[in-house]
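Q: generate a structure from the sequence data that follows.
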Amino acid sequence: MCKELTKIQRSFLWGWDCEDKKITWIKWDNLCKPKVEGGLGIRDIKNFNIALLAKWKWRLGMKDQGVCGKI
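A: Below you'll find the model as predicted:
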């Protein structure tokens, strides 16, 4: 799923068609850097997903779990 979402991001940014591919002037890793480091601030979907899953795991381990823990 992460690969497909990244593919959609790249297609939108670089304007790829089904038949023709355009030249990519900048590496994807550089575009995912924060703006202060010279990137565009585009989120890396894979790393963002891992961070969200870790946050959910941390929340489930807390004493006061809220609604999610009660379910």
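
Q: any idea which helix or strand in this structure has the lowest mean pLDDT?
A: helix 66-70 (a mean of 61; mean pLDDT, DSSP states H and E).

Q: helices or strands up against the helix or strand where Ser11 lies?
A: Counting by DSSP states H and E, the element that carries Ser11 is helix 2-14. Contacts defined by 3 or more CB pairs under 8 Å, 6 or more residues apart in numbering; DSSP states H and E place helix 2-14 against helix 28-31, helix 45-61. No exception for glycine: its C-beta is placed from N, CA and C like everyone else's.

Q: chain center to the shortest one: distance?
A: Relative to its parent chain, helix 28-31 has a centroid offset of 12 Å by CA atoms, centre = their mean, to the nearest Å.

Q: ok, now which ones touch the residue nearest the centre of the chain?
A: By CA atoms, centre = their mean, the chain has its centre lying nearest to Ile45, at 1.8 Å. By CB atoms under 8 Å, 6 or more residues apart in numbering, the contact set of Ile45 is Cys2, Leu5, Thr6, Gln9.

Q: check it and give its pLDDT.
A: If you check Ile45, the pLDDT there is 89.

Q: distance of it relative to Ile23?
A: From Ile45 across to Ile23, the span is 23 Å (CB to CB, to the nearest Å).

Q: same thing with Trp56?
A: Distance, Trp56 to Ile23, by CB to CB: 39 Å.

Q: cool, and Glu4?
A: Going from Glu4 to Ile23 by CB to CB gives 23 Å.

Q: who's more crowded, those two?
A: Glu4 (9 against 5; other CB atoms under 10 Å).

Q: could you list every residue that touches Ile42?
A: Taking CB under 8 Å, 6+ apart, one finds Gln9, Leu13, Leu31, Cys32 in contact with Ile42.

Q: how about the first one, nearest residue that isn't a chain neighbour?
A: By that I understand Gln9. Leaving aside its sequence neighbours, Gln9 sits nearest to Ile42 (CB to CB, 6 or more residues apart in numbering; 6.6 Å).

Q: could you check how far the one you found is from Cys32?
A: Using CB to CB, Ile42 is found at 5 Å from Cys32.
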